[in-house]
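Colleague: Mind looking at a prediction? Sequence and model below.
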Amino acid sequence: MNDKIPIYGHKDKGRLGYTILYDKNTKKVYKVYHKEMKQTWYWAFFFATITILQIIQNIVIPIENSIYMFVLIIVGTFVSLLIGVIIHRKTTSELKEIYPTNEVLHEYLEKGRNKFKFELILMAILLCISVGSLLGFLTNHVLIFIMIYLMFCIAIGILGSNFSVLRFQLYKNGFD
């Protein structure tokens, strides 16, 4: 799926979502359906996260060695982003080639362009919150700040999996 550019995604409430992918090399178009996360997993993760955040709410980490803190942040960021990418890949099913008309394909591109702007804004908000929580950790050494930072890194990994220079160029220049 690395050479395929996501041009449009859609999700109706109560129905499976899908993403339309375009292969710039072969000019083929694909549709990939999103897998639904089971509600039991969602609620289990939600309550586990809330419980962990409650437990660590006031824990302060005394870190005298700034190199140790730097390594902790770098490794934590890398692992969190990797988890986000893995989650993103695990939520899609197999590719199915589709044959839309040029008109429908350009409609997908236009709708995708509008959603891309929203995704960029969302990514900027996620980055601001994650940087803010990282700064909170660096100044106060409170464990909850680094946990919030790492959770937002997972979200950035999930959302960032769809970002690429090719996608931006496709929205800017079209299919030509």
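Modeller: Nice, I can see it. Residues are numbered from 1 along each chain as shown.

Colleague: Flag the helix or strand of this structure with the lowest per-element mean pLDDT.
Modeller: Within the chain, no helix or strand scores below helix 39-55, which has a mean of 75 by mean pLDDT, DSSP states H and E.

Colleague: For that helix, name the packing helices and strands.
Modeller: In terms of contacts (3 or more CB pairs under 8 Å, 6 or more residues apart in numbering; DSSP states H and E), helix 39-55 is packed against helix 143-160. Using the backbone N, CA and C atoms, a C-beta is placed for each residue, glycine as well.

Colleague: what sits up against the helix it packs on?
Modeller: Residues outside helix 143-160 that contact it (CB atoms under 8 Å, 6 or more residues apart in numbering): 49, 52-53, 56-61, 72-73, 76-77, 79-85, 87-88, 119, 122-123, 126-127, 129-130, 133-134, 136-137.

Colleague: Next: stretch 122-136.
Modeller: 73, 142, 145-146, 148-149, 152-153, 155-156, 159-160, 163.

Colleague: For ChimeraX, what selects the buried ones among the residues you listed?
Modeller: Here is the ChimeraX command that selects the buried residues among the contacts of stretch 122-136 (16 or more other CB atoms under 10 Å):
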select :73,142,145,146,148,149,152,153,155,156,159,160
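
Colleague: For K35, state which of the contacts of stretch 122-136 is nearest.
Modeller: L159 (17.1 Å; CB to CB).

Colleague: In the biggest helix by length in the chain, which residues are buried?
Modeller: With secondary structure taken from DSSP state H, the chain has its longest helix at helix 102-140. Burial within helix 102-140, assessed by neighbour count using 16+ other CB under 10 Å, is assigned to 105, 108-109, 112-113, 115-116, 119, 123, 126, 129-130, 133-134, 136-138.

Colleague: What of stretch 71-90?
Modeller: 73, 76-77, 80-81, 83-85, 88.

Colleague: how far does it sit from the chain's center?
Modeller: How far stretch 71-90 lies from its chain's middle: 11 Å, per CA atoms, centre = their mean, to the nearest Å.

Colleague: what does that stretch rub up against?
Modeller: 1, 35, 63, 134, 146, 149-151, 153-162.

Colleague: Could you export it as PDB, keeping only the C-alpha atoms?
Modeller: Provided in PDB are the C-alpha atoms of stretch 71-90 (Å, rounded to 0.1, in the frame of the first residue of the first chain):
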ATOM      1  CA  VAL A  71      16.700   9.000  25.400                       C
ATOM      2  CA  LEU A  72      13.400   8.200  27.200                       C
ATOM      3  CA  ILE A  73      11.600  10.800  25.100                       C
ATOM      4  CA  ILE A  74      13.100   9.800  21.800                       C
ATOM      5  CA  VAL A  75      12.500   6.100  22.400                       C
ATOM      6  CA  GLY A  76       9.000   6.700  23.700                       C
ATOM      7  CA  THR A  77       8.200   8.900  20.700                       C
ATOM      8  CA  PHE A  78       9.500   6.400  18.200                       C
ATOM      9  CA  VAL A  79       7.600   3.500  19.800                       C
ATOM     10  CA  SER A  80       4.400   5.600  20.000                       C
ATOM     11  CA  LEU A  81       4.500   6.600  16.400                       C
ATOM     12  CA  LEU A  82       5.200   3.000  15.400                       C
ATOM     13  CA  ILE A  83       2.200   1.800  17.400                       C
ATOM     14  CA  GLY A  84       0.100   4.400  15.600                       C
ATOM     15  CA  VAL A  85       1.300   3.300  12.200                       C
ATOM     16  CA  ILE A  86       0.600  -0.400  13.100                       C
ATOM     17  CA  ILE A  87      -2.900   0.400  14.300                       C
ATOM     18  CA  HIS A  88      -3.600   2.300  11.100                       C
ATOM     19  CA  ARG A  89      -2.400  -0.700   9.000                       C
ATOM     20  CA  LYS A  90      -4.400  -3.200  11.000                       C
END
